[in-house]
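>>> Here is my input, please return the structure:
(3 chains)
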Amino acid sequence: MTIDLKTLNIEPRRQTFGHIARRFGEDRPASRYEEGMLDVQATKHFHYKPFWEPDKELYDASRTEIVMQDWYALRDPRQYYYATYNIARAGMRAAAQHNFDFVEKRGMLGNLDAGWRAKVEDYLLPLRHVAWGANMNATQICDRGYGTAVTAPAIFTAGDQLGIAQVIGQIGMDMAGGGGEALEAAKEKWMTADYWQGIRKLVENTLVEQDWFQLFIAQNLVIDGIIYPLVYDSFDASGQAHGAAAISMLTEFMSEWFSEHSRWTDAVIKVAAAESGTNAAKLSAWFTKWRDQTGEAVRPLAAHVLGDGGDAAVDQALATLNARAAKLGLST
Amino acid sequence: MAQLVSITLQDTGEGRMIAEAIEQDNPGVEMMRMPGAMKLDRADSLRINAETVSEKLGRDWDPQEIHLTMISMAGNLDEDDDYFALSWNR
Amino acid sequence: MAKKLGLKQRYGLLTRGLDWETSYQPMDKVFPEATFEGIKIKDWDKWQDPFRLTMDAYWKFQSEKERKLYAVLDSFAQNNGQLSISDVRYLNAVKLFITGVSPLEYQAHRGFAHAGRQLPGVGPRIAAQMQSLDELRHAQTQIHTISHYNKFFDGMHEFPHMHDRVWYLSVPKSFFDDARTAGPFEFMIAIGFAFEYVLTNLLFVPFMSGAAYNGDMATVTFGFSAQSDESRHMTLGIEVIKFLLEQHPDNLPIVQKWVDKWFWRGYKVLGLVAMMMDYMLPKKVMSWKEAWEIYFEQAGGALFEDLARYGLKPPKYHEQATADAEHLSHQNWSIFYNYTQAAAFHTWLPEDDEMAWLSEKYPNTFDKYYRPRFEQWRQMEKDGNRFYNNALPQLCQTCQIPMAYTEPGDPTTICFRESEYKGDKYHFCSDGCKDIFDNEPEKFSQSWLPVHQIFQGNCGGADLGDVLKWYNMNVGADNMDQNVSPEQALWDKWQAERSRVAAE
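Numbering: from 1, shown residues only, chains lettered A, B, ... in the order given. As a prediction, the model looks like this:
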C-alpha cells in the first residue's frame, strides 16, 4: 500500500519536551540545539559521593567560585550540537587538507629562507604541546563544569585542540620530508630551550587549576587570546618577507578556528560577568592574573622570533586582549 | 568451544559488498542475518582486505571506512592502510 | 621527496609525542587520580592504541554519518513515519529507551571526559576523549530522533526529570552513578570493558533489530549509526583490561573484583532489555535467552578464554545469570504489570500467539511457572478486577530493583539476602548484589532508594497521586494499560483515517 502519509491530517499533541516548554514559558517547537542541550545533565538525587571528591556531588555547581542562577544561560552562539559541530569541522579540515596538498604539489615549503625555516621549526612545531595542554584543559572543563550548555562545547573544544596539535604535527612531518625528526627536535626545545620555558611553566600551571571557570578564563580567553594573534598574525606577517606563504596556508585552519572559538569564549564570559558584581570581580581578577603571567611567558619566544620587535608584538597582543576583555565587562 | 571472532555489519549496499569480500577471503566464515544487520563469525581470525573490498566497490576503499558500516565486533583488532583484521591470541 | 609513513607510525607521531613529563608542577598534581585505586602502571608506552583515528579522520567519518542520519530523521518527520511502525505498543520500548538509556549515554559522555583528563597515558586519554564525544553524539541523536515521537505520543515528555526521580529509573541511574563516582580505572573497566564490550550487544543489537523489525526506521538509523562508534569503544574496553593485567600482577585481584561487580551490575540493568525483547516488541526478533546465548555465552566465552592467560576468571555468578535467562523477562514484566499505575509506559498481558511464542522459546519454564500467572491475571481483567499491587515494594539496596526474583534453582521462592552495616540492616535480591554491598558498604549504604525516599516524604507526598505528580507524570495518559490509553485511541483513529485515505 503506497499512500501519501503527508495528506493525513495528524496534529502534534505537543511541540517539545516538558522541561523545554517550561523554560520557554509555552509549548512551542524547539531547535535541535535546544533539545540536545537544555537540562540534559542530571541535577538531583545522586546515589553516591564521588570517591575522587567525596565532599561534592557527582555534578556540583560549586566546582567553581562563579555563581549562576541558571547555568543554561551560558549559551553557545554557534548553537553547536554534535552533528553541526562535526560537519563544520569536517569542512574546515577538508579545506586545510586541500592546502596541504597544494603546498606539497608545488614544493612551496622549499621557498622558505633557510633562516626563517629554522625559526618556524622553533616557534610553530612546539606549539603542538601548548595545544595538547589546551586539550587537557578543555576536557577538564567538560568534566568539572556544570550544565550541558557549557560542557558540550568544552568537549568540542578538546577535539579542536587535539586536531590543531595534529595539524601542527603534520606540518612538522612535511617539513622533515615525511618523517618525525623535526617533531622530536621540537619536543626537545619545548622541554629545554630557554625561550619556551616560560610558556611550558604557564601551561603546567593551568594543568593543576581545579576551578573550571578560572581555567576557562586562563585557557580560552587569555592563553589562546594572546598566543594565536602573536603567532598566526605577528610571526606569520614577518615570515612573508622570507618566503613563508606556505606556512600561512598551512596554518589557515588555526586562524579561522580562533575567530570562531573567540565568539563562544566571549559569549560565555559576557553572560557570567553580567550575572553579578561578584562574578565580574572574580573573572576580572582571574583575567589580570593569567594575563600578566602569559604576557611575561611569551616575551622570550617573541624576542627569539622577532628580535627587537618582539616586545612590541606582545604589547600589541595584550592591548587587543585588554580591549576585548573590557567589552566583556571585565575590569583590566 | 571454538573461539569465534565476529563482525556485525549494517545491511546496506556497502555493507553487503564488505560481507562478500569477507566471505571471499575467509574460508569457513558463517553469516547470520538479522533485521537490518549481518553478523559474520569465524573461528580464531577474520581479515578484511582493502584490495578485495575496493574491487567489489569499484573504488579505492580505506579500511577506516569500516567505521561507517560496522555495528559490532568481537576479537582483538589490528588495522593498517591495507587491511582490517580481528583475531584472538594476539 | 616525502617518504609516506604507514598508518601506525603516522598515528604514533601525531599522538604519542604530544605528552611530556611535567617539571614545573609535579605529575601527581597534574594526574591526582592516578594511584588511589591501587592500580600499578609501570610503562604507559606499552599501551597499544586500539584504533588509530586522527581528528581529521574522526571529523570526516562522523560528519558523514551525521549527514545521513539527520537526512533520515528529516524525511521521517516530513512523512509522518511514526504511522508506519508495526503497532503503537512498540513505542513503549522507545519510552523505556529515552527515559532509561539516553541519560546514560550522557553520563558516559561526562564519565569519559573525566577518564580522558585523568588517565596519565596519552593513548588511553585520547581514546577516552573520542569516546566522550561519541557518547554525547548518542545522547543527542537519541533525543533528536525521539523528539518526533514525543510530539505524538506519551511517556517521553519528561525524560530528564523522570530519570532523576522515577522508581524503576533509579536502576539505570544508580548503575551509572556508581561507575561515575568510582576512580578512572574502575570506570574504564565498568563501562569500557564490562558494559561496552561484554554487555552492550545485548542492549543495542536486540533494541535496534527490534526497531527495524517493527518499522521504526528512525530508531534503527540512530541505533546502527551509534553502533558504528561502538566498535571503537569495544576495542578500547578490551585494550584497557589487557593493559592493566599486563602491567602488574598486583592488578589482577583488583580487576577481577571489578569484573565480577560490573558484570552483575550490568546484567541486572539489562533485565529491562530482556523484558523489552520478550514482551514489548509486537514483532519479536529473538528471545532474551537466545540473545544471552549468542552475546554472552558464545562471545563472552571466547573473550574470557582469551583473558584466561592473565589469570582472569569469567565473572562470578555468570552461571547463575545464564540459568536466570529462563526467568528474567517473565519476572520483570510481571513487576511492571503489577505496578502499571506507577510506570511511565503502558503494560498489557501477552496475547495467545505471544504466549505460544514464549512457550516455544522457554520450554522449560514458561508453561510451568508463568503462563498460569498470566492466565489468572487475564481472567481477573475479564472479571473487571484487574490486579494492581498497591503496596510499595522493597528494593534491593544494590541494584534497586523490587525484590521479586526467585532463588537460584527454585523459581517459586523469592530470594532475600541481607547484611548489617553500622547497626542497620540492608536487603538484597541476590548473592551477587549482596557481595557488591559487602565489598563497599560505605558506598552502597548511600543509595537514594526511591521507596525509602517516598516513605521519608521526599517525593511530593504520601499517596501515589502526589508522587506521580512529583514525577511530572501525566496521569491517565503516561501510565496504566495500553488498551485504555489515549494514545491507543488516537492510533486507532489515525489508522482508520489512513485506511480511508488509501481507499479513496
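
>>> Just confirm yes or no for stretch C:115-125 near chain A.
Yes. Contact of stretch C:115-125 with chain A (Cβ under 8 Å from any Cβ of the partner chain) involves C:116-118, C:125. Placement of C-beta: from N, CA and C, glycine included.

>>> Ends of that stretch, what's the gap?
End-to-end span of stretch C:115-125 (Cα to Cα, to the nearest Å): 7 Å.

>>> what comes into contact with it?
Under the contact criterion Cβ atoms under 8 Å, 6 or more residues apart in numbering or on different chains, stretch C:115-125 has outside partners A:52, A:136, A:139-140, A:143, A:158, C:15-16, C:18-19, C:27, C:31-34, C:41, C:44-45, C:47-49, C:126, C:128-129, C:131-132, C:184-185, C:187-188, C:192, C:236, C:239-240, C:243.

>>> related to what we said a few turns ago, so of the residues of stretch C:115-125 next to chain A, which ones are in helices?
C:116-118, C:125 (DSSP state H).

>>> all helices of chain B, in order?
Using DSSP H, helices in chain B cover B:13-25, B:50-57.

>>> Using CSV, lay out those helices together with mean pLDDT.
Rendered in CSV, the data for the helices of chain B read as follows (pLDDT from 0 to 100):
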stretch, mean pLDDT
helix B:13-25, 95
helix B:50-57, 96
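
>>> is the longest helix belonging to chain C up against chain B anywhere?
Taking DSSP H as the criterion, chain C has its longest helix at helix C:217-247. Yes. Using Cβ under 8 Å from any Cβ, helix C:217-247 comes into contact with chain B via C:220, C:224, C:227-232, C:234-235, C:238.

>>> Could you give me the buried positions within that helix?
Neighbour counts over helix C:217-247 (16 or more other Cβ atoms under 10 Å in any protein chain shown) mark C:217-245, C:247 as buried.

>>> Next: stretch B:34-51.
B:34, B:36-42, B:45-50.

>>> Return the helix or strand in chain C with minimum mean pLDDT.
Lowest on mean pLDDT, DSSP states H and E among the helices and strands of chain C sits helix C:200-213, with a mean of 82.

>>> Pull the distance from that one to the chain's centre.
12 Å (Cα atoms, centre = their mean, to the nearest Å).

>>> pLDDT weak spots in the chain?
You didn't pick a chain, so chain A it is. Within chain A, the stretches with pLDDT under 70 are A:1-8.

>>> Oops, wrong one, chain B.
Ranges of chain B meeting pLDDT under 70: B:1, B:90.

>>> what are the ranges of the strands in it?
Ranges of strands in chain B, per DSSP state E, are B:4-10, B:30-34, B:37-43, B:45-49, B:70-74, B:76-79, B:83-87.

>>> Any chance of those in a markdown table with distance to chain C as columns?
A markdown table is the format used below for the strands of chain B (distance: least, Cβ to the nearest Cβ, whole Å):
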| stretch | distance to chain C |
| --- | --- |
| strand B:4-10 | 5 |
| strand B:30-34 | 5 |
| strand B:37-43 | 6 |
| strand B:45-49 | 12 |
| strand B:70-74 | 4 |
| strand B:76-79 | 5 |
| strand B:83-87 | 10 |
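
>>> could I get those as TSV with distance to residue C:140?
Listed next are these as TSV, based on distance: least, Cβ to Cβ, whole Å:
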stretch	distance to residue C:140
strand B:4-10	20
strand B:30-34	26
strand B:37-43	23
strand B:45-49	30
strand B:70-74	20
strand B:76-79	27
strand B:83-87	28
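
>>> Which of these sits closest to residue C:334?
Counting by Cβ to Cβ, residue C:334 lies closest to strand B:30-34 out of those; the figure is 27.9 Å.

>>> Which strands or helices does the closest one pack on?
strand B:37-43 (3 or more Cβ pairs under 8 Å, 6 or more residues apart in numbering or on different chains; DSSP states H and E).

>>> sorry, back to before: for the strands of chain B, which one sits closest to residue C:321?
strand B:70-74 (18.4 Å).

>>> can you give me how far the closest one is from the chain middle?
9 Å.

>>> Run me through the strand neighbours of that strand, direction for each.
strand B:4-10 (antiparallel) (DSSP bridges).

>>> Please work out which residues outside the strand it pairs with touch it.
Taking Cβ under 8 Å, 6+ apart as the rule, strand B:4-10 contacts B:15, B:18-19, B:22, B:36-46, B:48, B:69-75, B:86-88, C:205, C:224, C:227-228, C:298-299, C:302.
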